[in-house]
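Trainee: sequence plus predicted model, see below.
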Amino acid sequence: EQHRKEHHAERDYAKGIELKAKRTPEFVTALNIDAPTQDQFDIPVQNRLARDVVKSLEPGQKWASKITGVMAAGVGMMTYVTRFGLGSGPNLTCTTLYLTLLVVAKQRGLGKRLHILFDNTCGDNKNNGVIVFIAWLVYMDIFREASFFCMLKGHTFTILDQSFNTMISQLMQESIYTMSRLLKLMFRFLRPYDV
């Protein structure tokens, strides 16, 4: 019962900040940053529903991609695709954060306060590199104050998670042999979610 109460309180807190950012963008900029499981974006891949075992691509070497999504309140979703071999961690998180802030600043301006909702990934989000970058944004007077919040593992289920789940279920029905096809399909399946 206590766990359920804490979980709902976290969601209400995050939704409240998102709503405030939508209503008063001059005061609050709210971002939700998350990434789906990476192996779902390895290519080439055959349609998962109709596999030809003889011609299977499963044992072959894959091109692995890291997908990172950022939902900016009042702006929409931005999706970043990087070669998994480049790694992840704070460099990728800070780069996607920076690129997203450039888009938000151009489209509607930045608020005085930055709030970021992360998933609960220590290697990517909860580390000194990300904390220092967020502090630097305040130090450089881009924001007056900034905060971040990491929801409990397994309890995010935000609109960003839902968008990725919808996209992944649709991608699993496709045969994807090239990066350009993967990107085209991602754009098509995410289109309803304001990419």
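Mentor: Structure received. Numbering: from 1, shown residues only.

Trainee: helix or strand with the lowest mean pLDDT in this protein?
Mentor: helix 159-171 (a mean of 78; mean pLDDT, DSSP states H and E).

Trainee: run the angle between the helix or strand that comes right after it and helix 159-171 for me.
Mentor: Where DSSP states H and E defines the elements, the next helix or strand beyond helix 159-171 is helix 179-190. Orientation note: helix 179-190 sits at an angle of 120 degrees relative to helix 159-171 (axes from the mean of the first three to the mean of the last three Cα atoms, to 10 degrees).

Trainee: what is helix 179-190 packed up against?
Mentor: Contacts defined by 3 or more Cβ pairs under 8 Å, 6 or more residues apart in numbering; DSSP states H and E place helix 179-190 against strand 65-72, strand 76-83, helix 159-171. In this view, the C-beta of every residue, glycine as well, is placed from N, C-alpha and C.

Trainee: contact partners of stretch 9-21?
Mentor: Defining contact as Cβ atoms under 8 Å, 6 or more residues apart in numbering, one finds that stretch 9-21 is touched by 27-30, 32, 73-74, 111, 115, 117, 149, 151-152, 155, 158.

Trainee: determine how far that stretch lies from the middle of the whole chain.
Mentor: Relative to its chain's centre, stretch 9-21 lies at 17 Å (Cα atoms, centre = their mean, to the nearest Å).

Trainee: what's across from the residue most central in space within the chain in the sheet?
Mentor: Closest to where the C-alpha atoms of the chain average out (Cα atoms, centre = their mean) is Gly69, at 2.4 Å. Note on Gly69: beta-bridge partners Asp34, Thr79, judged by DSSP bridges.

Trainee: that one reaches Phe41, doesn't it?
Mentor: No: in this structure Gly69 lies outside contact range of Phe41 using Cβ atoms under 8 Å: 12.0 Å.

Trainee: returning to what we had before: and the helices and strands packed on helix 179-190 as JSON lines, adding distance to Asn91?
Mentor: Shown next, in JSON lines, are those (distance: least, Cβ to Cβ, whole Å):
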{"stretch": "strand 65-72", "distance to Asn91": "11"}
{"stretch": "strand 76-83", "distance to Asn91": "10"}
{"stretch": "helix 159-171", "distance to Asn91": "21"}
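
Trainee: which of those sits most buried?
Mentor: Among these, strand 65-72 has the highest mean neighbour count (mean count of other Cβ atoms under 10 Å), at a mean of 22.

Trainee: that one versus helix 159-171: what angle between them?
Mentor: Using the same axes, to 10 degrees: strand 65-72 against helix 159-171 is 140 degrees.
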